[in-house]
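Trainee: Sequence and predicted model, in that order:
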Amino acid sequence: MIKIAPSLLSADFAKLGDDIDTVKTADYLHFDVMDGVFVPNISVGLPVLKSVRNYTDMTLDVHLMITKPVRYVRDFAEAGADIIVVHLESDTPEEIHRAIDTIRGLGKMAGLSIKPDTPADAVDEYLDKLDLVLIMTVEPGFGGQKFMAGMMPKVSYIKSLIEARGLKCLVEIDGGINPETAALCAEAGADILVAGSDVFKAEDRAQRIELLRRACKTF
């Protein structure tokens, strides 16, 4: 079954605990970290993650949109992340391998994300050691962008690589998710969908999460 991960980037940080309670029927909480360098925006970091970890036992899916992430993966693991995702484009291949190995050594799920312009086969050399591949269907850095349907062949290609190798790696999609685009992602082979504004702008967020799940059930 498709997992739904509401992005806290779209939550109201003045009432973050209350907003987390409204999405507790979801599978994961997605936590976006931006440094203003790798992406042209700044979001939240370790103190907020620690507070969220103390508030909820939901799985915390931490997406690091930062340069040289190997410097911080241990800190995010210790702050309460369950899944730590780094961007392939954020450092040299050697350092990305080191970040992934560090995450796994800390007993956390390791993920690798790619931007829309990055070719699907760029993940190939990392795939055997990953728990998750995150494919961006918007440019990273801002919420509320339009879904890029042209990324679906990339999703299908990476899913086919995973299946051909008999790996347990999950495919996650982030950007522009709503019931219509969720169905496209499910058809292409997605396992996890990150939904920010679509969930947090809904009057009944639990109902919206269920609607996203239902949209995926035919695939």
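Mentor: Received, thanks. Residues are numbered from 1 along each chain as shown.

Trainee: So which bits of stretch 93-109 are buried?
Mentor: I96, A99, I100, T102, I103, K108, M109 (16 or more other CB atoms under 10 Å). From N, CA and C alone the C-beta is placed, and that goes for glycine too.

Trainee: Please read the previous query as pertaining to stretch 176-185.
Mentor: G176, I177, N178, T181, A182, A183, L184, C185.

Trainee: Next: stretch 194-213.
Mentor: Buried, per 16+ other CB under 10 Å, within stretch 194-213: 194-200, 202, 205, 208-209, 211-213.

Trainee: Could you identify the most distant pair in these?
Mentor: S197 and R213 (17.8 Å; CB to CB).

Trainee: if we can go back for a sec, dump the buried residues of stretch 194-213 to a markdown table, plus pLDDT.
Mentor: Below are the buried residues of stretch 194-213 laid out as a markdown table (pLDDT from 0 to 100):
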| residue | pLDDT |
| --- | --- |
| V194 | 97 |
| A195 | 95 |
| G196 | 92 |
| S197 | 92 |
| D198 | 95 |
| V199 | 97 |
| F200 | 96 |
| A202 | 96 |
| R205 | 97 |
| R208 | 97 |
| I209 | 97 |
| L211 | 96 |
| L212 | 96 |
| R213 | 95 |
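
Trainee: pLDDT below threshold where in the protein?
Mentor: 142-144, 218-219 (pLDDT under 70).

Trainee: Please enumerate the helices of it.
Mentor: 16-22, 46-55, 73-79, 93-105, 152-164, 179-188, 197-200, 205-216 (DSSP state H).

Trainee: residues near the closest residue to G107 other than its chain neighbours, how many?
Mentor: In space, and not counting its chain neighbours, G107 is closest to A77: 7.9 Å by CB to CB, 6 or more residues apart in numbering. By other CB atoms under 10 Å, 18 other residues sit near A77.

Trainee: With the one 3 residues further on instead?
Mentor: As a burial measure, the neighbour count of G80 was computed by other CB under 10 Å and equals 19.

Trainee: check contacts around the closest residue to it other than its chain neighbours.
Mentor: Of all residues not flanking G80 in the chain, R53 sits nearest, at 2.8 Å (CB to CB, 6+ apart). Contact analysis of R53 by CB atoms under 8 Å, 6 or more residues apart in numbering lists L60, A79, G80.

Trainee: Tell me the spacing between R53 and L9.
Mentor: 17 Å (CB to CB, to the nearest Å).

Trainee: Same question for V33.
Mentor: Taking CB to CB, one finds V33 at 10 Å from L9.

Trainee: follow-up on the earlier one: for I4, state which of the contacts of R53 is nearest.
Mentor: Using CB to CB, the contacts of R53 come closest to I4 at L60, 14.4 Å.

Trainee: show me what contacts the closest one?
Mentor: By CB under 8 Å, 6+ apart, the residues touching L60 are Y28, L29, F31, L49, V52, R53, G80, A81, D82, I83.
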